[in-house]
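> Quick one: sequence plus predicted model below, questions after.
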Amino acid sequence: MAKCKRRGLVPLIILGTLAVLLVVAFFLVDSGLRAFAQDRAETEISKRMPASVTGDITVTIGGTSVIAQFIGGNFDEVELTAPKLTVDGVPASVHVIARDVSTNTAKAIGSLSATLDLDEAALNQLVQASGSAPADAVLTLGDDDVALTASVKLFEFDVGYSATATAGAAGDTLNFTPTEATVTSGVGDIDATPLVNLILQQAPIGVCVASYLPEGVELSDVDISPERARVTLESSTLRLTVQSLTTLGSCAD
């Protein structure tokens, strides 16, 4: 009787072993498919980037099974990392997380959140390229704010000043708003107080970045530290099509 029981268990043991092997094989195939999908995504994204954008991009597909996600027609999370990207000559470090990404590229991504890190030189390059700041404006990164040196025209004099400015982000524009200012040259014995007040009352220096971004991607925050200016971008309308990725925004004159 014991021998019969053992014989009866043999098929169960074989089936159990086969089941385990099938599960292992599934995950091995899934892992290989994940690597293939990531490599393919990197290639396709690189092909579809605007001509003004250069740099290597790494793609990571999150979630459990890539096979299950593909069959379901939706990827839970796709992460893009580009530590040395150049956008129209401006160097930056970029990190993007896209969630609810449909395999149907005609559908918009559920949500996209990205961070763009600019060092001091890149930030100044961006400011000068915008044409909205004084030609001699220089920004120096600090703790939560920036130091701004520039000049304004007063009658026939170029008056230099230095200011502390806070940074903000709204829509497609980075704004730098002076909060304190000191006149550094150009007024001689004239009382500089009215000029300082004029500097503080003028509109913020607005740096439009729409021409660097696909339409539908907007700025939501900016964080300043001595090492970098970190700009946060978001979108819920971006689609992974050639037209969507290469149609950039525009800045009003």
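Cool, got the structure. Numbers count the residues shown, from 1 in each chain.
> Kindly tell me how buried residue 82 is, as a neighbour count.
Neighbourhood size, residue 82 [other CB atoms under 10 Å]: 22. All C-beta spots, glycine's among them, are computed from the backbone N, C-alpha and C.
> That one falls within a helix, correct?
No: Residue 82: not assigned to a helix; according to DSSP: H, G, I helix; E, B strand; the rest coil it is strand.
> And residue 208, how far from residue 94?
Using CB to CB, to the nearest Å, residue 208 is found at 19 Å from residue 94.
> Give me the more crowded residue out of these two.
Neighbours per residue, other CB under 10 Å: of residue 208 and residue 94, the larger number sits with residue 94, 20 against 17.
> Would you mark the buried spots in the strand or helix carrying the more buried one?
Using DSSP states H and E, residue 94 falls within strand 90-102. Residues of strand 90-102 classed as buried by neighbour count (16 or more other CB atoms under 10 Å): 90, 92, 93, 94, 96, 97, 98, 99, 100, 101, 102.
> show me the contacts for the fifth one.
Right, the one you point to is residue 96. Counting by CB atoms under 8 Å, 6 or more residues apart in numbering, residue 96 makes contact with 79, 80, 81, 112, 113, 114.
> would you list every one of the strands in the protein?
Assigned by DSSP state E, the strands in the chain fall at 53-54, 58-61, 74-87, 90-102, 111-118, 138-141, 146-154, 157-170, 173-185, 205-208, 218-224, 229-235.
> Give me the below-cutoff pLDDT ranges for this protein.
Under the criterion pLDDT under 70, the flagged ranges of the chain are 1-28, 155, 186-194, 203, 252-253.
> hmm, who's touching stretch 32-43?
The contact list for stretch 32-43, computed with CB under 8 Å, 6+ apart, reads 57, 58, 59, 60, 61, 66, 67, 70, 78.
> quick check, nearest of those to residue 108?
Nearest to residue 108 among the contacts of stretch 32-43, counting by CB to CB, is residue 78 at 13.8 Å.
> Pull the number of nearby residues for that closest one.
23.
> That one bridge partners, please.
Beta-bridge partners recorded for residue 78 (DSSP bridges): residue 61, residue 98.
> could you list every residue that touches it?
41, 59, 60, 61, 62, 97, 98, 99, 101.
> how about the nearest residue to the second one, chain neighbours excluded?
For residue 59, ignoring the flanking residues on the chain, the nearest one in space by CB to CB, 6 or more residues apart in numbering is residue 41 at 4.2 Å.
> The fifth one too?
If you skip the residues right next to it in sequence, residue 62 has residue 77 as its closest partner in space, 3.6 Å away by CB to CB, 6+ apart.
> burial count for that neighbour?
Neighbours of residue 77 under the rule other CB under 10 Å: 15.
> Against residue 48, how distant is it?
In terms of CB to CB, residue 77 sits 20 Å off from residue 48.
> got JSON lines for the strands of the chain, with distance to residue 132 too?
Output for these, formatted as JSON lines (distance: least, CB to CB, whole Å):
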{"stretch": "strand 53-54", "distance to residue 132": "22"}
{"stretch": "strand 58-61", "distance to residue 132": "34"}
{"stretch": "strand 74-87", "distance to residue 132": "18"}
{"stretch": "strand 90-102", "distance to residue 132": "15"}
{"stretch": "strand 111-118", "distance to residue 132": "16"}
{"stretch": "strand 138-141", "distance to residue 132": "13"}
{"stretch": "strand 146-154", "distance to residue 132": "12"}
{"stretch": "strand 157-170", "distance to residue 132": "14"}
{"stretch": "strand 173-185", "distance to residue 132": "9"}
{"stretch": "strand 205-208", "distance to residue 132": "5"}
{"stretch": "strand 218-224", "distance to residue 132": "15"}
{"stretch": "strand 229-235", "distance to residue 132": "16"}
